[in-house]
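Peer 1: Predicted model and sequence follow; I will ask about them next.
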Amino acid sequence: MKYRVRTPDGELSYPSILELTKAYLIGLVEPMDEVQREGEVKWRKAASIPQLAQAKKPPRSFWADKQMRWALGLATLGALAGFSFLNEAQHMGVLFVLAFVVIGLQWVTRWQRKKYRK
């Protein structure tokens, strides 16, 4: 049975509930998008369809999270800076500290910009 999906960007058509579920899981269909089954006149929110509401997204990988990668990179730079200062290589330590500060500020500003866009 075919399904039509109405999004703010337009309309999509899916040949089966399985294809619709796959699209829902990868984010092509959002929970607030409207779905109409072939032969019906009523549009329903995707989140109200039991097959979609019960569909579970696969767990995200540890490395898929950008924030975690940034945090690990900053921690590495901080550790390198600390070791440089302890080993009396101040010129390298200063470079690592500067890199740490620049990347940290960039990370924080991106995070804040993303936070306020929502």
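Peer 2: Thanks, I have the structure now. Worth saying up front: this structure is predicted, and the values here are computed from it rather than measured. Residues are numbered from 1 along each chain as shown.
Peer 1: Give the closest residue to Ala23 in space, chain neighbours not counted.
Peer 2: Val29 (4.7 Å; C-beta to C-beta, 6 or more residues apart in numbering). No exception for glycine: its C-beta is placed from N, CA and C like everyone else's.
Peer 1: who are the neighbours in contact with the one you found?
Peer 2: 5, 7, 12, 20, 23, 35, 46, 52 (C-beta atoms under 8 Å, 6 or more residues apart in numbering).
Peer 1: Keep only those of the residues you listed that are in strands.
Peer 2: Of these, the ones assigned to strands by DSSP state E are 5, 7, 12, 35.
Peer 1: Let's see if you can find the most crowded of the residues you listed.
Peer 2: The most crowded member of the ones in strands among the contacts of Val29, judged by other C-beta atoms under 10 Å, is Val35 (24 neighbours).
Peer 1: Pull the contacting residues for that one.
Peer 2: 3-6, 20, 29, 43-46, 49, 52.
Peer 1: still on that earlier bit, now the contacts of Val29 in JSON lines, with distance to Leu98 and pLDDT?
Peer 2: Shown next, in JSON lines, are the contacts of Val29 (distance: C-beta to C-beta, whole Å; pLDDT from 0 to 100):
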{"residue": "Val5", "distance to Leu98": "50", "pLDDT": "94"}
{"residue": "Thr7", "distance to Leu98": "46", "pLDDT": "88"}
{"residue": "Leu12", "distance to Leu98": "49", "pLDDT": "90"}
{"residue": "Leu20", "distance to Leu98": "51", "pLDDT": "93"}
{"residue": "Ala23", "distance to Leu98": "46", "pLDDT": "90"}
{"residue": "Val35", "distance to Leu98": "53", "pLDDT": "95"}
{"residue": "Ala46", "distance to Leu98": "48", "pLDDT": "91"}
{"residue": "Leu52", "distance to Leu98": "49", "pLDDT": "88"}
